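K.L.:
Sequence and predicted model, in that order:
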Amino acid sequence: MPVLRITKHGERVLKTACPPADFEGLKPELPALLKSMWATMNAARGVGLAAPQVGRSLRLAIIDVRPEGKSERLVLINPEILSREGELNDEEGCLSLPGIYSKLKRAAKVRVRALDENGKVWERVGEGLLARAFQHEIDHLDGKLYVDRLPFEDRLRVLDAVREAKVRWG
């Protein structure tokens, strides 16, 4: 499957909230889209990828944080965060802002509900990196980037880095 182009900061699709996906309407193209998304995420060495990051306004994301070094692929269609607990301040990056990282406070533990690639509802509690990935990818589906959640001074610093990096991104 082809590796897709990853959208970069400033592209409209990243700032637009995605409408709920119609699973039955999405079903025919889903296997090919997921294969391409997995290939794209792996090529970019990411742990998550949302459909807007490949130019699609769909409430669809994939995550594989490789717990204990083993692949555990999660497909999230129409995901929602049911609960949040605790706080974790850790470094975060984004494939749409390559090479730019900043510390960001997120919930340390979240419970998520979504549909999988077969249309089956699942729920999962994520802690640590998985909790961060759930929140990060769902933010993409809501038209938000992690920089939108940074304190003002940190956001200015990151946006300066983004302006400089856009020259490299092309």
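P.N.:
Okay, I see it. In this text, all values refer to a predicted model and were calculated from it rather than measured experimentally.
K.L.:
what's the longest strand along the chain in contact with?
P.N.:
Longest strand in the chain by number of residues, with DSSP state E as the criterion: strand 74-85. The contact list for strand 74-85 (C-beta atoms under 8 Å, 6 or more residues apart in numbering) reads 20-21, 23, 26, 34, 59-64, 107-117, 119, 123-124, 134-135, 137-138, 141. (C-beta placed from N, C-alpha, C; glycine too.)
K.L.:
What about those, which are in strands?
P.N.:
The strands, defined by DSSP E, take in 60-63, 109-115, 123-124 from the contacts of strand 74-85.
K.L.:
sec struct for Leu104, please.
P.N.:
Three-state assignment for Leu104 (DSSP: H, G, I helix; E, B strand; the rest coil): strand.
K.L.:
Any idea what it is bridged to?
P.N.:
Asp90 (DSSP bridges).
K.L.:
Model confidence for it, exactly?
P.N.:
Leu104 carries a pLDDT value of 96.
K.L.:
Next up, the contacts around the most centrally placed residue in the chain.
P.N.:
Centroid-nearest residue in the chain, with C-alpha atoms, centre = their mean: Glu137, separated by 2.6 Å. Shown in contact with Glu137 (C-beta under 8 Å, 6+ apart): 48-50, 61-63, 76, 79.
K.L.:
likewise Lys166?
P.N.:
8-10 are the contacts of Lys166 under C-beta under 8 Å, 6+ apart.
K.L.:
I'd like to check the angle between the helix ranked longest in the chain and strand 102-106, please.
P.N.:
In the chain, assigned by DSSP state H, the helix with the most residues is helix 152-169. For helix 152-169 against strand 102-106, the angle by axes from the mean of the first three to the mean of the last three C-alpha atoms, to 10 degrees is 130 degrees.
K.L.:
Which parts of the least confident helix or strand in the chain by mean pLDDT count as buried, going by neighbours?
P.N.:
Within the chain, no helix or strand scores below helix 152-169, which has a mean of 82 by mean pLDDT, DSSP states H and E. In terms of neighbour count (16 or more other C-beta atoms under 10 Å), helix 152-169 has its buried residues at 158, 161-162, 165.
K.L.:
model confidence over stretch 20-29, on average?
P.N.:
Computed over stretch 20-29, the average pLDDT equals 96.
K.L.:
Name the residues that touch it?
P.N.:
The contact list for stretch 20-29 (C-beta under 8 Å, 6+ apart) reads 58-60, 77-78, 115, 119.
K.L.:
Restricting to C-alpha, output it in CSV.
P.N.:
The C-alpha atoms that make up stretch 20-29 are tabulated as CSV, following Å, rounded to 0.1, in the frame of the first residue of the first chain:
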residue,chain,number,x,y,z
PRO,A,20,-18.8,11.3,12.8
ALA,A,21,-17.9,8.6,10.3
ASP,A,22,-20.7,6.5,8.7
PHE,A,23,-19.2,3.1,9.2
GLU,A,24,-21.3,1.4,6.5
GLY,A,25,-20.4,4.1,4.0
LEU,A,26,-16.7,3.9,5.0
LYS,A,27,-16.6,0.1,5.0
PRO,A,28,-15.7,-0.5,1.3
GLU,A,29,-12.6,1.7,1.4
